[in-house]
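# Coordinates only, no sequence provided:
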């Protein structure tokens, strides 16, 4: 399903390569874990796999095939069609992953619009989210909030919800339980395991 070949990322204007000639493959129904110390390039790899390097880095070699399509050969607009529809990323730090002037339910509507006309109301969004159940439960009132009005843990759960809304074929998780307390972390990890197996 996903196949990266010789993927190499370089820090702009420096001879530093956080990701160097990585070969990486994920098959249908397969779960793959990348383990390494802090600063080892795991986050750089995750963003490289969706063809959107983190600021200050760039892809200098390699390919990333998603069901045979090389994401790195697509335009930004073409590649965006894959995001949150066929594949999604839950970033390590959800604090900065939302539009600061956009209410949370409108962010959700933008994502669901990739599969349909995008005419969802606030109530439609809440109904879709309710299907996830308690592990990702968010008070309905928070969907009308702006990102800065949410706690770190609430934003982290929102990031997971948005990634799963369209039931993508592939989800990349970069420390998805970051900013959560121990109990919520265990609950979320258990839920993600069950979701992946469904």
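Cool, got the structure. All of these numbers come straight from a predicted model, not from anything done at the bench.
# which residues in this structure form strands?
With strands called from DSSP state E, the chain shows them at 2-11, 19-26, 57-66, 69-70, 87-90, 170-173.
# tell me which residues in the first one are buried?
Of the residues in strand 2-11, those buried by neighbour count under the rule 16 or more other CB atoms under 10 Å are 2, 3, 4, 7, 8, 9, 10. All C-beta spots, glycine's among them, are computed from the backbone N, C-alpha and C.
# Off-centre distance for that strand?
Taking CA atoms, centre = their mean, to the nearest Å, one finds strand 2-11 lying 18 Å from the centre of the chain it belongs to.
# Neighbouring strands of it in the sheet, and parallel or not?
Here strand 2-11 has these sheet partners by DSSP bridges: strand 19-26 (antiparallel), strand 57-66 (antiparallel).
# What is the burial count for residue 63?
Counted with other CB atoms under 10 Å, the neighbours of residue 63 add up to 15.
# actually residue 143, not the one I wrote
20.
# Let me know the pLDDT of it.
Reported pLDDT at residue 143 in the predicted model: 89.
# just the one 5 residues further on next, same as before
Per-residue confidence for residue 148 comes out at a pLDDT of 92.
# Surely it touches residue 100?
Yes - Residue 148 is within contact range of residue 100, at 6.6 Å (criterion: CB atoms under 8 Å).
# Just the buried residues of the longest helix belonging to the chain, please?
For the chain, the longest helix by residue count, based on DSSP state H, is helix 182-197. Using 16+ other CB under 10 Å as the test for burial, helix 182-197 gives 185, 187, 188, 191, 192.
# any chance of these in a markdown table, with distance to residue 130 and pLDDT too?
Below are the buried residues of helix 182-197 laid out as a markdown table (distance: CB to CB, whole Å; pLDDT from 0 to 100):
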| residue | distance to residue 130 | pLDDT |
| --- | --- | --- |
| 185 | 22 | 77 |
| 187 | 17 | 78 |
| 188 | 17 | 77 |
| 191 | 14 | 77 |
| 192 | 18 | 77 |
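# what sits against the closest residue to residue 85 other than its chain neighbours?
Computed as CB to CB, 6 or more residues apart in numbering, the closest residue to residue 85 that is not its neighbour in sequence is residue 114, at 4.2 Å. Residues near residue 114 by CB atoms under 8 Å, 6 or more residues apart in numbering: 81, 83, 84, 85, 166.
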